[in-house]
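Colleague: output the structure for:
(chains A and B)
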Amino acid sequence: MAPIASSGRAVAGWTGGDDPDHAGFGTAPDVREASSPNARGDALLVDRLKQGDEAAFLGLVEGHSNSLRRIARLYVQDAVAEEVVQETWIAVIRGLDRFEGRASLRTWVVGILINIARNRRLHEQRQIPFSAFVDPAAGPESAVSADRFQGPDGRFPGGWISFPERWDEQPEARYLSGEGVEVAHRAIAALPPAQREVVTLRDVEGWPSEDVSEALGITPGNQRVLLHRGRSRVRGTLERAMVGTIREGVLS
Amino acid sequence: MNGNHELVMHPDLESYYDGATDRARIDQHMADCLECQAWLADIHERIGRFACVEFVELVTDYLDDSIDETTREKIEDHLRLCEGCRNYVGEVQATIATIGRIGKALTPSEPPEPVRAALIAAFRLWRRPSAGEPPRADG
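Modeller: Residues are numbered from 1 along each chain as shown, chains lettered A, B, ... in the order given. The predicted model follows:
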C-alpha cells in the first residue's frame, strides 16, 4: 500500500476522501470503514423509530431524501422518482420490525427503494426509450480503445502509443468545475443500466463496494466489473472533453 | 540536467522513458557505463513483463485494493517505469473525484410539506408507541 514514489502521489488504497462533504449518507467510501462503525448508531436509531420517535423519523427522511431521489432516477422519470421515494418511506415504516441490522440501515432502505423503483419501471416503460433497458455491453469491452496501444511489432507491445494527457493537472482543476461535473453526469446517464447503477452508488453516493453489492443483489466480482467498465467509459468521455490534442509519447 | 557532477553519477534510469527525461544525455553516459547498460536492459525486461494494456483493465481493482500482493507488486513496479500509466491512474482518480461532485451539483430539495405531513401521518399510524416493540436491552 506504499505510494508510488516517482509519481509523487499516493495511488494505492484511494478512499475518495478529497471531498469532505461528499453527498450521500455521510459515510466515507472506504471499504475498511464500511458498515460496522455505524451498526451501533443504526441500532439506536431503529430503536427510536420503533418507539415512534417522530423527530428521528423526520431526520431520517430529510437526511436521505436527496440521495434516494437520485438513485430512484436511475430507474424512472423525475416525477415518478418522487413517488418512489415516498413509497419507500412507507415501506420502511411498515417493515422496520424486519430490519435485522445485517446490512446497514442505509443499504436496507436503498434495497427497498431499488425494488420499488424496478417494479415501477416495468409500468413506466412506455415513457422511456426501449434502448435505455438494453445493455449493449454484454460482451467484453476494453477500458481504453485498443488503438491507443502498440501492436505486437511495437517497441513495447501493449504499451501506450502516446501517453494519456494529464487533464487532471490542468490549472484550477478545470475537471472539477461545473463543466467537468456536467460532462461526467451526462456520461453516467448514457451508461448501460447495470453500470449506471454501480457507478452511481459507488462514486456519486460514495458507498463502499460491499454495500453496493448488497443493495443491488450482485456478487462482489460483478460489482467490480461493472464499476470498472462504467468508470472507464466516464473517464474516456471526460478525457475527450478535457483534452484538445494528445501529445506524442515517447514509448512509440 | 544541471551540474557537472551528474556526469559521474548514474542517472535515474527508472524515469528513462518519462516525457521530461533528457535521454540524449543519459545515452551519452551509458555509452561508457556497463552498469547502466545492464540496468536499462533490466528495465526493458520489466516493461516487457507487464503491458500498459493489461494495467488499464486492473486499475479499478488496484484502487479498490482488491488484488493479490503479487499483482500489486507487478503494478507498482510498472508504475515506477511508466509515466503513461501514472497519468492514467491520475485520470481515473480525477474521474472519481469529478463524479463525486455530481450529488452536490444537483439542486437539493426537501420533501414538499404535504409529503412530509403524509409521511408523518403514516409514521404515527404504524409506529405509535403502543405498536412498537419494547426497546432492546443492549441499546
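Colleague: for A:R235, what is the enclosing helix or strand?
Modeller: Element membership for A:R235 (DSSP states H and E) is helix A:220-242.
Colleague: now the helices for the stretch 101-250 of chain A?
Modeller: In the stretch 101-250 of chain A, the helices defined using DSSP state H, counting those that start in this stretch lie at A:105-124, A:178-189, A:193-199, A:209-216, A:220-242.
Colleague: of these, which is nearest chain B?
Modeller: Across those, the minimum distance to chain B, taken as Cβ to the nearest Cβ, is reached by helix A:220-242, at 3.8 Å. For every residue, glycine as well, the C-beta is placed using N, CA and C.
Colleague: other SSEs contacting that closest one?
Modeller: helix A:178-189, helix A:193-199, helix A:209-216, helix B:52-63, helix B:83-99 (3 or more Cβ pairs under 8 Å, 6 or more residues apart in numbering or on different chains; DSSP states H and E).
Colleague: in it, what's buried?
Modeller: Counting neighbours by 16 or more other Cβ atoms under 10 Å in any protein chain shown, one finds that the buried residues in helix A:220-242 are A:223-239, A:241-242.
Colleague: which residues of the stretch 151-252 of chain A score low on pLDDT?
Modeller: Of all residues in the stretch 151-252 of chain A, those with pLDDT under 70 make up the ranges A:171-172, A:244-252.
Colleague: just the helices and strands packed on helix A:220-242: most buried one?
Modeller: Mean neighbour count (mean count of other Cβ atoms under 10 Å in any protein chain shown) peaks for helix B:83-99 among the helices and strands packed on helix A:220-242, with a mean of 24.
Colleague: next one: it to chain centre, how far?
Modeller: Between the centre of helix B:83-99 and the centre of its host chain there is 6 Å, according to Cα atoms, centre = their mean, to the nearest Å.
Colleague: now the helix or strand following that helix: buried residues?
Modeller: Beyond helix B:83-99 on the C-terminal side, the first helix or strand identified by DSSP H and E is helix B:102-105. Judged by neighbour count using 16+ other Cβ under 10 Å, the buried positions of helix B:102-105 are B:102-103.
Colleague: could you export helix B:102-105 as CSV, CA atoms only?
Modeller: Output for helix B:102-105, consisting of C-alpha atoms alone and laid out as CSV, is shown next (Å, rounded to 0.1, in the frame of the first residue of the first chain):
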residue,chain,number,x,y,z
ILE,B,102,-22.5,15.4,-9.1
GLY,B,103,-24.6,14.9,-5.9
LYS,B,104,-23.8,18.4,-4.7
ALA,B,105,-24.3,19.9,-8.1
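Colleague: mind giving me the packing neighbours of it?
Modeller: On a contact count with 3+ Cβ pairs under 8 Å, 6+ apart, helix B:102-105 meets helix A:54-72, helix A:178-189.
Colleague: now the element after it, going C-ward?
Modeller: Past helix B:102-105, heading to the C-terminal end, the next element that is a helix or strand (DSSP H and E) is helix B:113-127.
Colleague: for that next one, what does the pLDDT average out to?
Modeller: Across helix B:113-127, pLDDT averages out at 88.
Colleague: tell me the angle that helix makes with helix A:54-72.
Modeller: Between the direction of helix B:113-127 and that of helix A:54-72, the angle (axes from the mean of the first three to the mean of the last three Cα atoms, to 10 degrees) works out to 120 degrees.
Colleague: identify all contacting residues around helix B:113-127.
Modeller: A:49-52, A:54, A:57-58, A:61, A:82, A:86, A:89-90, A:93-94, A:96, B:110-111 (Cβ atoms under 8 Å, 6 or more residues apart in numbering or on different chains).
Colleague: picking up where we left off before, which one of the helices and strands packed on helix B:102-105 lies nearest to B:H10?
Modeller: Each of the helices and strands packed on helix B:102-105 was scored for nearness to B:H10 using Cβ to Cβ, and the closest is helix A:178-189 (41.6 Å).
Colleague: can I get the helices of the stretch 101-250 of chain A in CSV with distance to B:T95?
Modeller: Listed next are the helices of the stretch 101-250 of chain A as CSV, based on distance: least, Cβ to Cβ, whole Å:
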stretch, distance to B:T95
helix A:105-124, 23
helix A:178-189, 7
helix A:193-199, 10
helix A:209-216, 17
helix A:220-242, 4
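Colleague: re the thing from before, give me the buried subset of the contacts of helix B:113-127.
Modeller: In the contacts of helix B:113-127, burial by neighbour count holds for A:49-52, A:57, A:61, A:82, A:86, A:89-90, A:93, A:96, B:111, counting by 16+ other Cβ under 10 Å.
Colleague: what's the offset of the least confident helix or strand in chain B by mean pLDDT from the middle of its chain?
Modeller: The least trusted helix or strand in chain B, going by mean pLDDT, DSSP states H and E, turns out to be helix B:102-105, with a mean of 84. Offset of helix B:102-105 from its chain centre (Cα atoms, centre = their mean): 22 Å.
Colleague: buried ones in stretch B:28-38?
Modeller: Taking 16+ other Cβ under 10 Å as the neighbour-count basis, stretch B:28-38 is seen to contain the buried residues B:29-30, B:36.
Colleague: measure it end to end?
Modeller: By Cα to Cα, to the nearest Å, the extent of stretch B:28-38 from end to end equals 15 Å.
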